[in-house]
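> Mind folding the following:
(one chain, ligands or ions: 1)
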Amino acid sequence: MSSTPSFIETLTSAWQRTNSLLCVGLDPEPAKFPGALANRPDAIFEFCRAIVDATAPYASAFKPQIAYFAAHRAEDQLEALIAHIHERHPGLPVILDAKRGDIGSTAEQYAREAFVRYGADAVTVNPYMGFDSVEPYLAHEGKGVIVLCRTSNPGGSDLQFLETGGRPLYQVVAQLAAEKWNANGQLGLVVGATFPKEIEIVRQIVGDMPLLIPGIGAQGGDVEATVRAGRTAAGAGMMINSSRAILYAGKGDDFAAAAARAAEETRDKINAYR
Ligand SMILES: O=c1ccn([C@@H]2O[C@H](COP(=O)(O)O)[C@@H](O)[C@H]2O)c(=O)[nH]1
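Residues are numbered from 1 along each chain as shown. The predicted model follows:
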């Protein structure tokens, strides 16, 4: 038995300790950075570090999206950022949003990348290639694996809503996750805030399994409908993500203070309906 707390244990403690279900998304776009960071080689790290330190009092998790780092050859800054979160904000889990999906041997490398290289507590994965593409992540004891179920984008309906055996595919994914795939007890699901009816159905299928819910803020998802649909009996169970609406709440050199205000307001709005 490992004495290190698992992803679910860390997340559950964070929900209780912080009284927040807010997950702050870290999607850094250098073109949107304030002037003070222009031309700095470590601008991505510095921008995200300032956001993390300012919003941590209002958050129960952070979610860096790997594409925003890799696109700028800034993987080293992502490594440094996750190390910073663990060092300065212990107990706040980091979910690496990578949406990986590949055959088992390649999935082993993706799992190693997420958990060993980056030190993430959990990673998002695409279930489209089936259980053998998800299993290598489960081999990392205590690490979270968050499976795409009903994504927030309109095109998610193209496949996730296809009827199979009399019900839509996303419900089959939810059932597999809850009943067959959760070998390490560390599984979660992605369900978009833009589809509260589907959040409610997924919650009924999976019991208390944690849901990562992107889609409030810039994508316009309804916070009240989301929380009412996704809360567990304990009034938790959700990592409700907001990225752009917090990161770019301010455009000037006081961006971190503006992000903190946006995070506090979002946390309070979520809490109003728990
Ligand atoms: O279904 C999904 C899965 C992941 N995402 C990711 O969440 C954030 C949302 O950013 P906002 O700025 O709050 O819209 C982003 O990193 C997406 O890649 C999602 O939106 N929907």
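> how about the residues of the stretch 101-250 of the chain that lie near the ligand?
Within reach of the ligand by CB under 6 Å from any ligand atom, the stretch 101-250 of the chain has these residues: 151-152, 190, 192, 214-215, 217-219, 241-244. All C-beta spots, glycine's among them, are computed from the backbone N, C-alpha and C.
> can you pull out the helices in the stretch 1-150 of the chain?
For the stretch 1-150 of the chain, helices defined by DSSP state H, counting those that start in this stretch occupy the ranges 7-18, 43-55, 67-70, 75-88, 104-112, 131-138.
> most packed of those?
Most buried of the helices of the stretch 1-150 of the chain by mean neighbour count (mean count of other CB atoms under 10 Å) is helix 43-55; its value is a mean of 22.
> wait, isn't residue 160 in contact with residue 171?
No: the criterion here is CB atoms under 8 Å, and residue 160 misses it with residue 171 at 9.2 Å.
> Let me see the ranges of the strands in the stretch 51-200 of the chain.
61-64, 95-100, 122-125, 144-150, 163-164, 167-168, 187-191 (DSSP state E, counting those that start in this stretch).
> what would those look like in TSV with mean neighbour count?
Listed next are those as TSV, based on neighbours: other CB atoms under 10 Å:
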stretch	mean neighbour count
strand 61-64	27
strand 95-100	23
strand 122-125	27
strand 144-150	26
strand 163-164	9
strand 167-168	16
strand 187-191	27
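> got those strands as a markdown table, with distance to residue 84 and mean pLDDT columns?
Formatted as a markdown table, the strands of the stretch 51-200 of the chain follow (distance: least, CB to CB, whole Å; pLDDT from 0 to 100):
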| stretch | distance to residue 84 | mean pLDDT |
| --- | --- | --- |
| strand 61-64 | 10 | 99 |
| strand 95-100 | 14 | 98 |
| strand 122-125 | 18 | 98 |
| strand 144-150 | 20 | 98 |
| strand 163-164 | 43 | 96 |
| strand 167-168 | 40 | 98 |
| strand 187-191 | 24 | 98 |
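> Relative to residue 149, how far out is the nearest residue to residue 129 once chain neighbours are set aside?
Excluding its sequence neighbours, the residue lying closest to residue 129 (CB to CB, 6 or more residues apart in numbering) is residue 101, at 5.2 Å. Relative to residue 149, residue 101 is positioned 13 Å away (CB to CB, to the nearest Å).
> Name the residues contacting each of these two.
Both residue 101 and residue 149 are contacted by residue 127, under the criterion CB atoms under 8 Å, 6 or more residues apart in numbering.
> before we move on, the earlier item: phi, psi for the residue nearest to residue 129 please.
Residue 101 adopts backbone torsions of phi -170, psi 120, taken as degrees, to the nearest 10.
> for residue 36, what are its contacts?
By CB under 8 Å, 6+ apart, the residues touching residue 36 are residue 253.
> mind redoing it with 10 Å?
Shown in contact with residue 36 (CB atoms under 10 Å, 6 or more residues apart in numbering): 43, 46, 47, 50, 252, 253, 254, 255.
> Could you check the pLDDT of it?
With respect to pLDDT, residue 36 has a value of 93.
> Now do it against residue 254, distance only.
Counting by CB to CB, the separation of residue 36 from residue 254 is 10 Å.
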